[in-house]
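Enquirer: okay, here's the prediction I keep looking at, along with the sequence it came from:
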Amino acid sequence: MAAANLSAALRAPAHPMAKAGYGKRHAPDQAPPRADDFGGLEPREAAIAGYIDRLPEGAAIGYKVLAEELPDYGQQACRSSLDLLTRKGHLRRVRVQVTLSDGQMRWVTRTYFSRTARDADWWAAHVRFVRGVDAPGQPPAPAPAGTSPAAAAAAETAEEPGPGVRAPRSEAYDILAGLGRREPRLQLSEGDCVALEHLVGEWLARGVGREQLTSALTSGLPVSVHSAGPLLRTRLETKMPPSPAPHPEKDHPGEQIVGMVMMCLFCDEDETTTTLDHGVCGECRAEIARDEAAGLTGDVPDTFLARPRAEVDVAARMAELRSATVRPVLPAPRPRR
């Protein structure tokens with residue numbers, strides 16, 4: 001029964017895909033995925049960034065789609081998080097003019113995502129550089145002019161926490177630390193969280209979502225849990241999902257990029273018609289600031305969720321089903337007089 005519950009928890013619904021030629025694109029020359037890729041972000045932004053990172057190319061990642069797929073956050077919260085991810089250098093939206101193999105030309109909109117944070121100069125150089133065949137293996141965009149190896153090393157050193165300062169917690173650590181609030185039988189110490197962090201990070205790297213992973217760890221528990229750490233280690237090791245298969249290319253393999261212009265992440269304005277500040281126009285950024293000032297970008301209360309957070313008591317549900325299948329006991333017929 002427990003194994004069945006774990007398998008069911010991992011069957012997440014497919015994320016919506018954009019039209020062919022549109023949607024998410026992986027930025028080039030990224031670092032390999034790690035459990036603490038987004039440890040420097042706030043928990044909400046880190047969760048959304050980790051979710052986007054695991055999506056395949058061509059996925060729709062607008063804030064309205066994300067709000068529909070991530071029930072904990074509303075549209076304003078997702079829009080505010082995407083705005084912060086652009087400021088941190090993880091996102092840019094571009095309008096691309098392509099020529100297909102049959103000679104036809106069209107404009108498409110794509111959103112490039114990089115788990116490695118980039119500065120504005122890198123993104124500008126990337127947009128100017130991308131030409132020719134849009135296919136895997138395309139050379140990475142050049143580094144911004146004037147960036148010496150010594151300056152890059154100094155910037156990396158400056159980001160490291162000083163002595164006595166705790167490094168930002170990873171998404172994997174946060175999931176483990178939050179299990180006790182979801183299921184009191186799974187209270188973990190800090191040492192347990194650190195010891196299991198790499199296993200949870202591997203699940204995340206293999207495409208398992210935060211909610212699916214939490215459900216997999218909390219479903220089908222025994223009545224009494226004497227030691228949560230060893231129990232979770234066994235589950236994480238024995239139920240490790242397989243590595244995801246590479247996704248085939250969805251677009252026309254022979255298309256040529258003949259033009260590219262950066263555009264606002266939230267509207268149709270581009271850099272030829274307005275000034276973009278880290279990928280967002282001034283009007284959209286002002287609207288986001290007004291929402292944040294009014295407190296409209298928080299998490300969604302339970303009573304306003306698009307769909308409820310699913311927490312099913314499997315044992316109680318099975319007992320209910322069994323009781324429904326038991327034939328009722330009919331009263332004995334009265335004797336005839």
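Expert: Sure, I can see it. Residues are numbered from 1 along each chain as shown.
Enquirer: low-confidence stretches in the chain?
Expert: 1-13, 129-168, 244-255, 296-314, 317, 321-337 (pLDDT under 70).
Enquirer: longest helix in it, please.
Expert: helix 190-205 (DSSP state H).
Enquirer: what's the helix or strand following that helix packed up against?
Expert: The helix or strand immediately downstream of helix 190-205 is helix 210-218, counting by DSSP states H and E. Packing partners of helix 210-218 (3 or more CB pairs under 8 Å, 6 or more residues apart in numbering; DSSP states H and E): helix 2-10, helix 43-53, helix 171-182, helix 190-205, helix 228-238. Placement of C-beta: from N, CA and C, glycine included.
Enquirer: can you tell me which of those is most buried?
Expert: helix 43-53 (a mean of 21; mean count of other CB atoms under 10 Å).
Enquirer: show me which parts of stretch 62-72 are buried, residue by residue.
Expert: By 16 or more other CB atoms under 10 Å, the buried positions in stretch 62-72 come out as 62, 63, 65, 66, 67, 68, 69, 70, 71, 72.
Enquirer: CA atoms only: put the helix or strand hosting the fourth one into CSV for me.
Expert: Meaning residue 66. Assigned by DSSP H and E, residue 66 belongs to helix 63-69. Listed next in CSV are the C-alpha coordinates belonging to helix 63-69 (Å, rounded to 0.1, in the frame of the first residue of the first chain):
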residue,chain,number,x,y,z
TYR,A,63,2.6,34.1,-14.7
LYS,A,64,-1.1,33.2,-15.4
VAL,A,65,-0.1,29.6,-16.3
LEU,A,66,2.2,29.3,-13.3
ALA,A,67,-0.5,30.5,-11.0
GLU,A,68,-2.8,27.8,-12.4
GLU,A,69,-0.2,25.1,-12.0
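Enquirer: what about residue 275, neighbour count?
Expert: Residue 275 has 8 neighbouring residues, counting by other CB atoms under 10 Å.
Enquirer: got the contact list for it?
Expert: With contact taken as CB atoms under 8 Å, 6 or more residues apart in numbering, residue 275 is in contact with 281, 282.
Enquirer: coming back round to it: what is the helix holding residue 66 packed up against?
Expert: Packing contacts for helix 63-69, counted by 3+ CB pairs under 8 Å, 6+ apart, involve helix 43-53, helix 75-87.
Enquirer: give me the residues contacting that helix.
Expert: For helix 63-69, using CB under 8 Å, 6+ apart, the contacting residues are 15-16, 48, 51-52, 73-75, 77-79, 82, 266, 306.
Enquirer: and the buried ones among the residues you listed, selectable in ChimeraX?
Expert: Entered in ChimeraX, the line below selects the buried ones among the contacts of helix 63-69, by 16+ other CB under 10 Å:
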select :15,48,51,52,73,74,75,77,78,79,82,266
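Enquirer: can you lay out the contacts of helix 63-69 as TSV showing distance to residue 278?
Expert: What follows is the contacts of helix 63-69, written out as TSV (distance: CB to CB, whole Å):
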residue	distance to residue 278
15	26
16	26
48	17
51	21
52	17
73	21
74	23
75	21
77	19
78	18
79	15
82	12
266	13
306	29
